[in-house]
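Trainee: Let me see the structure of the following:
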Amino acid sequence: MITSQHNDKLKEVRRLQRRREHRFVAEGEDLLRAAADAGWPAVYELRSGIDVEPQLLDAVSSLGSGTRALGVYEQRWSTATGPLCVALWGVHDPGNVGTVLRSAVAFGASSVAIGPDTADPFGPKAVRASMGAIFAMPVARVASVAQLPAPTVGLVVGGAGTLRGPGQGTLIIGAERTGLPEEVVDACDATARIDIAGDSLNAAMAATIGLYEWTRVPDR
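Mentor: Residues are numbered from 1 along each chain as shown. Here you go, the predicted model:
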């Protein structure tokens with residue numbers, strides 16, 4: 001059992017909680033179970049009272065209440081694939097990124113693409129918000145719309161056209177306040193909008209509604 005705060009594994013966990021590397025931390029028994037169910041082995045796991053003294057594990061946790069278990073995993077990056085991909089462009093909030101991963105799993109997406117200036121999907125907050133979806137959904141890095149499965153549809157405020165299923169291609173979501181950059185919109189095959197009374201939606205909420213509408217088969 002680990003009894004010193006200077007243990008190399010604890011040092012690595014503290015470092016991974018602060019900065020991006022090739023590994024990441026998942027905290028909580030539910031996330032560790034999700035990883036195991038997805039066949040994603042941990043580099044190592046630390047369980048309170050078994051592998052490490054409880055107070056030492058709590059000290060490296062990013063959760064205010066501490067944790068009973070955490071795992072360190074190697075990141076996995078895939079390619080943006082269809083038939084249905086969700087792309088995030090300039091979404092800065094890691095909580096939104098994690099929530100989009102969860103929604104992508106719920107609506108049967110094939111992959112989630114992380115575009116420029118978007119929060120790290122393997123960061124602690126994004127991993128927690130994903131509720132285990134980070135282990136089930138392939139994630140890709142992309143630098144341009146051309147790298148995404150066609151047709152590409154940009155979700156914009158005041159755009160033309162509504163979202164109706166069955167959906168294929170890529171649904172592109174921009175930042176909550178600024179939306180998609182003009183050059184990204186111009187590169188899309190089409191744009192679509194969600195009718196709302198206000199002028200903006202939380203990015204994760206917009207993605208969830210967009211996925212619902214795009215995958216919904218109209219009544220016949």
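Trainee: Let me see the ranges of the strands in this structure.
Mentor: Remark: strands assigned in the chain by DSSP state E are 23-27, 44-47, 69-74, 84-88, 111-114, 139-141, 152-155, 169-173, 190-192.
Trainee: Just tell me which of these ends up closest to Asn202.
Mentor: strand 169-173 (10.5 Å; CB to CB). For the C-beta atoms, the positions are set from N, CA and C on the backbone; glycine is no exception.
Trainee: Tell me, how many residues neighbour Met1?
Mentor: Number of residues near Met1 (other CB atoms under 10 Å) recorded here: 9.
Trainee: Tell me how far it lies from Arg14.
Mentor: Distance from Met1 to Arg14, counting by CB to CB, to the nearest Å: 18 Å.
Trainee: same check, this time on Ala203
Mentor: Ala203 sits at a distance of 30 Å from Arg14 (criterion: CB to CB).
Trainee: quick one, which of those two is more surrounded?
Mentor: Ala203 (27 against 15).
Trainee: these two touch, right, the more buried one and Val100?
Mentor: Yes: the pair Ala203 / Val100 is scored as a contact, 7.4 Å apart, by CB atoms under 8 Å.
Trainee: residue contacts, Ala38?
Mentor: With contacts defined as CB atoms under 8 Å, 6 or more residues apart in numbering, Ala38 is in contact with Gly132, Phe135, Ala136.
Trainee: Any figure for the gap between it and Met131?
Mentor: 13 Å.
Trainee: ditto for Thr191
Mentor: Applying CB to CB to Thr191 and Met131 gives a distance of 30 Å.
Trainee: Now do the domain split for this protein, please.
Mentor: Per the record, the chain has its domains at 8-74, 84-215, by automatic domain parsing.
Trainee: tell me the mean pLDDT for the first one?
Mentor: The predicted model assigns domain 8-74 a mean pLDDT of 95.
Trainee: Now do that domain: distance from first to last residue.
Mentor: End-to-end distance for domain 8-74: 17 Å, by CA to CA, to the nearest Å.
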